[in-house]
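**Student:** Need the 3D shape of this:
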Amino acid sequence: MDIKTIILFAVLPSLSIIFLTWLIRFPKPWVFKAVLIFEIILTVCTLVIELDARKTPGNSGWTIIFTGFFQFCFLLFLLIARIRIWIENKS
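**Tutor:** Numbers count the residues shown, from 1 in each chain. Predicted coordinates for the structure are as follows:
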């Protein structure tokens, strides 16, 4: 896999989750900081693994697929948590 493709698919989902977390504005400021740190660590780990796996033919790309699926589940968790907070604040 090309290095530009690895960087695109490793960094872009993390930036979108960070932006969405900022956009939905959790009432506690530590949530955004925790998501930011978590996404940076996840992106760095994904980049390190994928750049190393690039040396072996047919080995590259699997971590990006898993990371993308995990980030989609994490995004759903964030949205459900925010909706739950909105519902509790209305009551």
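**Student:** Now do the contacts for A10.
**Tutor:** By Cβ atoms under 8 Å, 6 or more residues apart in numbering, A10 lies in contact with T43, T46, L47, E50, I64, T67. Bear in mind the C-beta positions are built from the backbone N, C-alpha and C, glycine included.
**Student:** I'd like those laid out as TSV, including secondary structure.
**Tutor:** Output for the contacts of A10, formatted as TSV (DSSP: H, G, I helix; E, B strand; the rest coil):
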residue	secondary structure
T43	helix
T46	helix
L47	helix
E50	helix
I64	helix
T67	helix
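**Student:** Any chance of a PyMOL selection covering the buried ones in these?
**Tutor:** Buried subset of the contacts of A10, written as a PyMOL selection, criterion 16 or more other Cβ atoms under 10 Å:
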select buried, resi 43+46+47+50+64+67
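**Student:** could I get stretch 50-58 in CSV with only the CA atoms?
**Tutor:** Output of stretch 50-58 as CSV, limited to C-alpha atoms (Å, rounded to 0.1, in the frame of the first residue of the first chain):
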residue,chain,number,x,y,z
GLU,A,50,0.9,-0.1,8.8
LEU,A,51,4.3,1.4,7.8
ASP,A,52,6.0,-1.7,9.2
ALA,A,53,3.5,-4.1,7.4
ARG,A,54,4.2,-2.3,4.1
LYS,A,55,7.5,-4.3,3.9
THR,A,56,5.7,-7.6,3.7
PRO,A,57,3.6,-8.1,0.5
GLY,A,58,-0.1,-8.7,1.2
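**Student:** and it, which residues are buried?
**Tutor:** Under the neighbour-count rule (16+ other Cβ under 10 Å), stretch 50-58 has E50, A53 buried.
**Student:** For the residue nearest in space to the middle of the chain, identify the helix or strand it belongs to.
**Tutor:** In the chain, the centroid-proximal residue (Cα atoms, centre = their mean) is S14; its distance is 3.8 Å. Using DSSP states H and E, S14 sits in helix 3-24.
**Student:** In that helix, which residues are buried?
**Tutor:** The neighbour-count check on helix 3-24 (16+ other Cβ under 10 Å) flags I6, F9, A10, P13, S14, I17, I18, T21, I24 as buried.
**Student:** And the furthest pair within those?
**Tutor:** Farthest-apart pair in the buried residues of helix 3-24 is I6 and I24; separation 28.6 Å (Cβ to Cβ).
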